[in-house]
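Trainee: need a structure here:
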Amino acid sequence: MCHILSRTLATLAATVAVSLLLPVAPASAHGQLATSTPLTGTVVREPLTQLGLYFTEKPASNAHFTVTGPDGSRVDNGWSYGEPKRLDKPVQEYFMVNGVFEPRLYHTGFPAMVTVAHWPAKGRYTASYLSVASDGEAVRGTVTFDYQGSSTPAPAGWVVPTAGPDATLLAQAEGGGSASPGATGGPADATGAAASDPAGAAEDQRDGGFPAWLVPALIVVVVSAIVLVAARRRPATPGGTTPSRRPAGAAGRGTAATRRPTNPTRKTGNRTGGRERRGQR
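Mentor: Numbers count the residues shown, from 1 in each chain. Got it, this is the predicted structure:
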């Protein structure tokens, strides 16, 4: 039994190792954030009037952007499109074409310029974004940085914004099933020009990928099958064969015991015969 368990555990370990080494289907999300000004994790020492968030395609016209200060209050004051610029480092995204993921490099960033009303205090600031790409997938994330510059007052008449994403954007981001009518530009090609997805690419991207839950499910099925097969082929326990061997040994010992008395009989007979013969002599 211990041998069976050890073999099962070894098979399980090998299966898990193979599953971990299997290549994971590349992410097919489009319109992702390529870079930002300032970069996430950096320190800003001068009060900026705008933050630049550069994507691999134009954000949707109803995209939502916020900037929050150290105390959690918002300091953003709207956003607008900016001039595209060439990226210092190209971004790679994947498209599903005829059931195969094909990589594409993007060299141009399309910015959303988020206006900062004022810098109330030093500390950590967070810029968040929510948009929908041309393939209908949600584009969301955050950029965080530390501000160590001087404090600036809020402009006259400015009111802290409280509005969230509109209902249409939320429905598109949560549904993610169809192309966004609010997207104002397609993904950029390798030269920075707009390019459209292949026909049916968005649908293939959602249905052609390898589901993440299938790997652990396959592991469970394989291990269960191994355990069942091992249990059916389990040999009889050593203790079960011992009783069947003992009667045979006892019988053998009994046969030997029955043979031993014959020798004295023969010896006695020989001795008697010898006396008779000596008497005759």
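
Trainee: what part of the protein, helix or strand, is modelled with the least confidence?
Mentor: helix 201-207 (a mean of 34; mean pLDDT, DSSP states H and E).

Trainee: other SSEs contacting the strand ranked longest in the chain?
Mentor: Longest strand of the chain, by residue count under DSSP state E: strand 100-116. On a contact count with 3 or more C-beta pairs under 8 Å, 6 or more residues apart in numbering; DSSP states H and E, strand 100-116 meets strand 33-37, strand 50-55, strand 64-68, strand 76-81, strand 85-97. Any C-beta I mention is one placed from the backbone N, CA and C, and that applies to glycine too.

Trainee: and these, which is most packed in?
Mentor: Of the helices and strands packed on strand 100-116, the one with the most neighbours on average (mean count of other C-beta atoms under 10 Å) is strand 50-55, at a mean of 22.

Trainee: what pairs with that strand, and is each one parallel or antiparallel?
Mentor: If you go by DSSP bridges, strand 50-55 pairs up with strand 33-37 (antiparallel), strand 100-116 (antiparallel).

Trainee: that strand to strand 64-68, inter-axis angle?
Mentor: 130 degrees (axes from the mean of the first three to the mean of the last three C-alpha atoms, to 10 degrees).

Trainee: what angle sits between strand 50-55 and strand 76-81?
Mentor: Going by the same axes, to 10 degrees, strand 50-55 makes 50 degrees with strand 76-81.

Trainee: which regions of the stretch 151-281 of the chain sit below the pLDDT cut-off?
Mentor: For the stretch 151-281 of the chain, the stretches with pLDDT under 70 are 176-218, 220-221, 223-224, 227-281.

Trainee: one more time with 90
Mentor: 173-281 (pLDDT under 90).

Trainee: helix/strand/coil for A225?
Mentor: helix (DSSP: H, G, I helix; E, B strand; the rest coil).

Trainee: kindly report the same for E174.
Mentor: Quick answer, by three-state DSSP: E174 is helix.

Trainee: thinking again about what came up before, would you mind saying which of the strands paired with strand 50-55 lies nearest R124?
Mentor: strand 100-116 (14.2 Å; C-beta to C-beta).

Trainee: now that closest one against strand 85-97, angle please.
Mentor: Using the same axes, to 10 degrees: strand 100-116 against strand 85-97 is 140 degrees.

Trainee: and strand 100-116, which residues are buried?
Mentor: By 16 or more other C-beta atoms under 10 Å, the buried positions in strand 100-116 come out as 101, 104, 106-116.

Trainee: any idea which of these is closest to I219?
Mentor: Minimum distance to I219 across the buried residues of strand 100-116 is 23.8 Å, recorded for F101 (C-beta to C-beta).

Trainee: P90 and G141, how far apart?
Mentor: Relative to G141, P90 is positioned 19 Å away (C-beta to C-beta, to the nearest Å).

Trainee: check the gap between the residue nearest to R140 when sequence neighbours are not counted and G82 for me.
Mentor: Leaving aside its sequence neighbours, R140 sits nearest to L130 (C-beta to C-beta, 6 or more residues apart in numbering; 4.7 Å). L130 is 18 Å from G82, where distance means C-beta to C-beta.

Trainee: return the residues in contact with V143.
Mentor: L33, S36, P38, L39, T40, L51, L53, T126, A127, S128, Y129 (C-beta atoms under 8 Å, 6 or more residues apart in numbering).

Trainee: gap between the fourth one and T49?
Mentor: When you say that, I think you mean L39. Separation of L39 from T49 (C-beta to C-beta): 18 Å.

Trainee: again with the last one
Mentor: As defined by C-beta to C-beta, Y129 lies at a distance of 18 Å from T49.

Trainee: now do the helices in this protein.
Mentor: 2-21, 167-175, 201-207, 214-232, 238-259, 262-280 (DSSP state H).

Trainee: distance between the ends of stretch 38-57?
Mentor: End-to-end distance of stretch 38-57 (C-alpha to C-alpha, to the nearest Å): 19 Å.

Trainee: enumerate the positions of it that are buried.
Mentor: P38, V44, L48, L51, G52, L53, Y54, F55, T56, E57.

Trainee: mind putting these into TSV with distance to Y94 and pLDDT?
Mentor: Formatted as TSV, the buried residues of stretch 38-57 follow (distance: C-beta to C-beta, whole Å; pLDDT from 0 to 100):
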residue	distance to Y94	pLDDT
P38	28	97
V44	33	97
L48	34	97
L51	28	98
G52	25	97
L53	22	98
Y54	20	97
F55	16	97
T56	12	95
E57	14	94
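
Trainee: all good on my end, thank you.
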